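Engineer: need a 3D model of the following:
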Amino acid sequence: MRINIDGLRAGVAFAGLLLAPLVSTRAADAPDPAAVERGRRLMEGGRFLNAEWSDAAYKAVGETWGEPAPDPDADPEGYARAFGRHYGFSPAPFPNDGLPMGLKRSVKADGATRGVQVDCLVCHGGSIGGKSHVGMPNTRIDYAGFFPDLFRAEGRPSPLLPFVLNTTRGTTNAGMMSIALLSMRNPDLSRRRFPMPLASNLPELDAPAWWILKYKDTMYYDGRTPVESTRSIMQFLLAEKTAAEFDALESDFEDLFAYIKSIEPPEYPFAIDRDAADRGRVVFEKTCARCHGTYGEEVDYPNEIVPLEEIGTDPARITGISDRAVEYFNSSWFGAKHPVDLTAERGYLAPPLVGIWASAPYLHNGSVPTLRLMLDSRRRPRRYLRPPSTDFENYDARDVGWRYVEVPEGQAPDPKDPRRLFDASRHGLGVGGHVFGDKLSEDQRSDVVEYLKTL
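Structural biologist: From the prediction side, this is the model:
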């Protein structure tokens, strides 16, 4: 399949989005405060890439929405809020040149034309209950909407990608973006004329929360890459940077990494039944702690990879990346210091559960809308609408997660917002597996859900 390099460049910021989510260190490895502060400044104000779209395109795209939009010049803040609502960006909780979180102002490759580009917070900057958080998964982002709209607003054809970027709000296929970008480079990062065939087919996934990262000693869902591999979160720069520029930027990304590992989750904002939570802790520690760890004043997290045949969840994230792609990564600058372990168990790394109340939907592919359904696989919907917003009116405080509307097979979604539909029949989006909670009684299930609110 033909790779359109403009398409890769347009999606360049997504290449690191699947890579950055699951990078972490052990909780005991407290990052240097000075590095954390440098990383925070880089996260909020750093500009690593050229602008992809001009300011004129950003301002003009509102005319395509089919509804009145605020004037971008007379009411730039109102326009930014409307842009965010339409495409699923969250308001920035820091000064961001009047843009929603996930967009950055920059200049185009000509060095003169002002414009905008996406950054890592387009996936890892989310909101809940009207408050935005750096490091929270963005469950509303609509890549398949804003990408082509902005290109059309600039009078350019929407680029062709050799894979599905996303079909559902909140998902992204950053893994395939990174593989496609890497295929355009030689191991020494010089550019190739034709892509290296790497025989991979990764699915779209939901971004995990960044606040779990500090507890892990490997990165990614498969747990095969050492956490020290700062270079692996730099792959989204492959559309622009030279080998010398990668070397020069490595220390900046070490600071960004330190900041990512410092992020803490928001506290659960609703009432908790403490007696039920105490009972739930007992059940959890008997049935869940072996893989997910124990929680209290300190977190004891085992970094357990659960084999595919045991976990039973959709295998496409594990089976979709070829050994050839991993070996090519290991032969390159990215894997030179910290290669991916090709001998590790093939399965999914059971994640830490701190702040889990704020990171719905669940499983690596975002297929399960609530924690109660995580503990009762028989009731999980196969087709449902994700919520229209992340306001608390759409939050299910009983079951912990997002309220959803089930959509029968064959019924078309809302034509005004078709990508609210989650469909488990799509590649990599299966709802099966993780059946360990099925054996619990309903009372036990309720107690465990109550306990998970406290983490």
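Engineer: in the stretch 251-400 of the chain, what spans have low per-residue confidence?
Structural biologist: Under the criterion of pLDDT under 70, none of the stretch 251-400 of the chain is flagged as low confidence.
Engineer: quick one, strands of it?
Structural biologist: Using DSSP state E, counting those that start in this stretch, the strands assigned to the stretch 251-400 of the chain run over residues 305-307, 347-349, 383-385, 395-396.
Engineer: and the second one, what does it pack onto?
Structural biologist: With contacts taken as 3 or more Cβ pairs under 8 Å, 6 or more residues apart in numbering; DSSP states H and E, strand 347-349 sits against strand 305-307, helix 308-311, helix 316-319. For every residue, glycine as well, the C-beta is placed using N, CA and C.
Engineer: return the set of buried residues in it.
Structural biologist: 347-349 (16 or more other Cβ atoms under 10 Å).
Engineer: partner strands of that strand, parallel or antiparallel?
Structural biologist: According to DSSP bridges, strand 347-349 forms sheet pairs with strand 305-307 (antiparallel).
Engineer: one step back: I'd like the helices and strands packed on strand 347-349 laid out as CSV, including mean neighbour count and distance to Asp247.
Structural biologist: Compiled in CSV, the helices and strands packed on strand 347-349 are given as follows (neighbours: other Cβ atoms under 10 Å; distance: least, Cβ to Cβ, whole Å):
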stretch, mean neighbour count, distance to Asp247
strand 305-307, 18, 32
helix 308-311, 16, 37
helix 316-319, 18, 31
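Engineer: for Ala74, which of the ones you listed is the nearest?
Structural biologist: Closest to Ala74 of those, according to Cβ to Cβ: helix 316-319, at 45.7 Å.
Engineer: who touches that closest one?
Structural biologist: Outside of helix 316-319, the residues that reach it under the criterion Cβ atoms under 8 Å, 6 or more residues apart in numbering are 175, 201-203, 205, 221-222, 308, 346-348, 364-365, 427-428, 430.
Engineer: from those, pick the one nearest Tyr404.
Structural biologist: Sorting those by how near they are to Tyr404, with Cβ to Cβ, puts Asn365 at the top with 15.2 Å.
Engineer: would Leu198 count as being in a strand?
Structural biologist: No - per DSSP: H, G, I helix; E, B strand; the rest coil, Leu198 lies outside any strand segment and is coil.
Engineer: the spatially closest residue to Val368 that is not a sequence neighbour and Ala57: what is the separation?
Structural biologist: With Cβ to Cβ, 6 or more residues apart in numbering as the measure, Tyr362 is the residue that lies nearest to Val368, at 4.3 Å, once sequence neighbours are left out. Using Cβ to Cβ, to the nearest Å, one gets 36 Å for the distance from Tyr362 to Ala57.
Engineer: please state the offset of stretch 254-272 from the chain centre?
Structural biologist: Between the mean C-alpha point of stretch 254-272 and the mean C-alpha point of its chain there is a distance of 15 Å (Cα atoms, centre = their mean, to the nearest Å).
Engineer: span of that stretch from start to end?
Structural biologist: One end of stretch 254-272 sits 38 Å from the other (Cα to Cα, to the nearest Å).
Engineer: and what of stretch 85-101?
Structural biologist: By Cα to Cα, the extent of stretch 85-101 from end to end equals 12 Å.
Engineer: one step back: can you list the helices and strands packed on strand 347-349 in TSV and add distance to Lys104?
Structural biologist: What follows is the helices and strands packed on strand 347-349, written out as TSV (distance: least, Cβ to Cβ, whole Å):
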stretch	distance to Lys104
strand 305-307	35
helix 308-311	37
helix 316-319	28
